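Sequence plus predicted model, see below.
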Amino acid sequence: MENLYLRKVNYNDIQTLFEWSNEKQVRNNAFNKNRITYKEHLNWFENKIKNINTHMYIYMNDDNFIGQIRIDIKDKIAKISYSIDSDCRGLGLGSKIIKELEKKVKEDSLNFNIFIAEVKEYNVASRKIFLKNGYEEYFDENKKCFIYKKKIDFIGVIIQARYNSTRLKGKVMKKILNKPLLYYSVKRSCISKYVDKTIVAISDSKDDIKIKKWCDDNNIISFIGSENNVLERYYKTAIENNLKIIVRVTSDCPFVDPKIIDMLILQYLNSDCDYISNRIKNRTWPHGLDVEIFSFKALKKAYKEASEDEKQHVTTYILKNPTIFKLKEVVLNEDMSEYRLTVDYEEDFKLSKILLEELILNEGIDFGWKKIIEILDNDKKLKKINEHRKNIKL
């Protein structure tokens with residue numbers, strides 16, 4: 001069996017799920033041993049498929065049904081229930097379906113932190129499967145069953161956003177192609193191959209309610225935290241979303257490149273550094289392509305040790321203490337810092353609008369940063385739009 005995958009349950013699966021639910025071994029391992037009537041099953045299915053906190057999948061091998069797995073999410077905890085078709089048992093597929101589920105929930109950016117499963121004492125096969133997949137085990141005396149628990153660690157992009165920008169108020173919600181500027185930072189970050197979650201960290205200012213509403217309306221994960229203590233906002237966002245590795249991107253950088261994010265994540269994972277960025281001391285990349293990646297452990301230490309002034313910024317304490325944290329910088333062979341692709345002023349927004357309208361039309365959302373440079377090099381008038389801002393220290 002080589003082509004194994006999970007797909008979402010649909011109404012065509014009602015009969016198959018009904019037959020699986022009443023299979024002898026499934027009923028024996030269930031907490032309710034009574035046979036399920038078809039009417040009961042239909043009512044159950046309708047409730048589950050319409051519930052936004054329930055996610056049901058069919059495990060497939062090509063076009064063949066292998067089994068089913070479901071999670072029910074409550075209070076950031078996802079409870080697992082699964083079964084394997086009787087003809088497919090004993091092939092190690094129980095362990096594989098758990099692994100596929102863990103991968104699937106990351107792909108779908110489901111918002112929870114912990115998996116749990118309840119398994120009867122005599123269901124030795126399932127107990128071994130959860131232990132093999134790294135789940136903690138303990139016995140619940142009240143329920144008379146084993147409980148298995150596993151925290152899910154994520155690589156997450158945190159995009160800090162606020163409405164009351166000092167230089168250009170409301171810039172993150174200014175529209176380009178009928179979408180706010182923030183959309184482009186979020187959408188392009190989500191394209192990264194190695195990012196599990198993208199979260200917008202919003203300040204608790206009343207003016208930022210409109211950002212929160214936009215996130216909610218577009219199914220984008222968000223977190224509200226301190227307006228001035230940005231380090232605390234990041235720290236609490238990371239805790240809430242169980243992030244092990246944090247990618248920092250700002251909301252005024254609509255051209256942030258997912259390939260740069262991926263390149264830096266891979267370098268981070270293949271080194272022993274605590275922090276990596278394409279801009280620490282030497283500005284070689286265009287303004288607006290900055291990415292920072294650091295461990296939750298480093299973020300936590302910064303949160304605990306930083307001064308009140310340092311807490312106004314996310315990584316100031318980390319960067320000021322290279323003897324405590326191992327830092328790594330990735331620079332370009334060629335200095336391209338003359339290009340300004342961030343949005344701080346009206347001129348920056350004007351240029352971004354022109355570039356995005358052309359790039360989205362011709363390249364789609366997944367355009368590369370070198371394409372932007374090509375456009376600017378071929379049209380000197382575009383470069384001049386915000387050229388007088390390029391030497392401003394950011």
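Nice, thanks for sending it over.

my guess is I36 meets W20, correct?
No: with contact defined as C-beta atoms under 8 Å, I36 does not count as touching W20 (10.4 Å). Placement of C-beta: from N, CA and C, glycine included.

Name the next helix or strand following the one helix or strand A201 maps to along the chain.
For A201, the host element (DSSP states H and E) is strand 197-203. Next helix or strand after strand 197-203 toward the C-terminus (DSSP H and E): helix 209-217.

who does the helix or strand following that next one pair up with?
Per DSSP H and E, the first helix or strand lying C-terminal to helix 209-217 is strand 221-225. If you go by DSSP bridges, strand 221-225 pairs up with strand 197-203 (parallel).

returning to that earlier point: extract the C-alpha set from the strand holding A201 and format it as CSV.
The C-alpha trace of strand 197-203 is given here as CSV (Å, rounded to 0.1, in the frame of the first residue of the first chain):
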residue,chain,number,x,y,z
LYS,A,197,0.1,28.3,11.2
THR,A,198,-0.1,31.9,10.4
ILE,A,199,-1.4,34.1,13.2
VAL,A,200,-2.1,37.8,13.3
ALA,A,201,-1.1,39.3,16.6
ILE,A,202,-3.4,42.3,17.1
SER,A,203,-3.1,45.0,19.8
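
Buried residues in that strand, which are they?
Buried residues in strand 197-203, defined by neighbour count with 16 or more other C-beta atoms under 10 Å: 197-203.

Can you read off the backbone torsions of the closest residue to A302 other than its chain neighbours?
Excluding the flanking residues, the one nearest A302 by C-beta to C-beta, 6 or more residues apart in numbering is Y317, at 4.2 Å. Main-chain dihedrals, Y317, degrees, to the nearest 10: phi -60, psi -40.

and Y317, how far is that from E305?
6 Å (C-beta to C-beta, to the nearest Å).

I49 too?
In terms of C-beta to C-beta, I49 sits 49 Å off from E305.

try I199
Relative to E305, and taking C-beta to C-beta, I199 is found at 24 Å.

Let me know how buried S86 is, in neighbour terms.
S86 is flanked by 13 other residues according to other C-beta atoms under 10 Å.

So it sits against Q25, correct?
Yes: the pair S86 and Q25 passes the contact test of C-beta under 8 Å, sitting 6.9 Å apart.

Where does pLDDT dip in the stretch 1-150 of the chain?
Scanning the stretch 1-150 of the chain with the threshold set as pLDDT under 70 gives 1.

Which parts of it are strands?
4-8, 54-61, 64-74, 77-84, 114-120, 136-140, 145-151 (DSSP state E, counting those that start in this stretch).

The first one vs strand 54-61, what angle?
Angle between the axes of strand 4-8 and strand 54-61 is 150 degrees (criterion: axes from the mean of the first three to the mean of the last three C-alpha atoms, to 10 degrees).

Now do strand 4-8: distance to the chain's middle.
Taking C-alpha atoms, centre = their mean, to the nearest Å, one finds the center of strand 4-8 at 20 Å from the center of the full chain.

what do you get for the second one?
The offset between the C-alpha centroid of strand 54-61 and the centroid of the whole chain comes to 21 Å, using C-alpha atoms, centre = their mean.

So for it, what gets flagged as buried?
So for strand 54-61, counting by 16+ other C-beta under 10 Å, buried means 54-60.

cool, the last one as well?
Along strand 145-151, the positions that meet the burial threshold by neighbour count (16+ other C-beta under 10 Å) are 145-148, 150.

which among those residues gets closest to K301?
Nearest to K301 among these: K150, at 25.3 Å, using C-beta to C-beta.

so what's F294 up against?
245-246, 248, 274-276, 315, 318, 325 (C-beta atoms under 8 Å, 6 or more residues apart in numbering).

my bad, should have said T316
Per C-beta under 8 Å, 6+ apart, neighbours of T316: 231, 306, 310.

Take the contacts of F294 and write them to CSV, including pLDDT, secondary structure and distance to V291.
As requested, the contacts of F294 are exported to CSV (pLDDT from 0 to 100; DSSP: H, G, I helix; E, B strand; the rest coil; distance: C-beta to C-beta, whole Å):
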residue, pLDDT, secondary structure, distance to V291
I245, 94, strand, 12
I246, 97, strand, 11
R248, 98, strand, 7
D274, 97, coil, 15
Y275, 98, strand, 11
I276, 98, strand, 9
T315, 97, coil, 12
I318, 98, helix, 15
F325, 98, coil, 17
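
want to try CSV for those residues, with neighbour count and distance to A298 as columns?
Output for these, formatted as CSV (neighbours: other C-beta atoms under 10 Å; distance: C-beta to C-beta, whole Å):
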residue, neighbour count, distance to A298
I245, 22, 10
I246, 26, 9
R248, 20, 12
D274, 21, 4
Y275, 24, 6
I276, 22, 11
T315, 24, 9
I318, 25, 6
F325, 20, 6
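
Please produce CSV containing these, extended by distance to I176.
Shown next, in CSV, are those (distance: C-beta to C-beta, whole Å):
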residue, distance to I176
I245, 30
I246, 27
R248, 23
D274, 36
Y275, 32
I276, 30
T315, 28
I318, 33
F325, 37
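
And the strands in the stretch 151-300 of the chain, which stretches?
Under DSSP E, counting those that start in this stretch, the stretch 151-300 of the chain gives strands at 154-161, 175-176, 179-180, 197-203, 221-225, 243-250, 275-277, 292-295.

measure the residue lying closest to D13 once chain neighbours are set aside to E102 for me?
Closest residue to D13 in three dimensions, ignoring its sequence neighbours and counting by C-beta to C-beta, 6+ apart: I58, at 5.8 Å. Distance of I58 to E102, computed by C-beta to C-beta: 17 Å.
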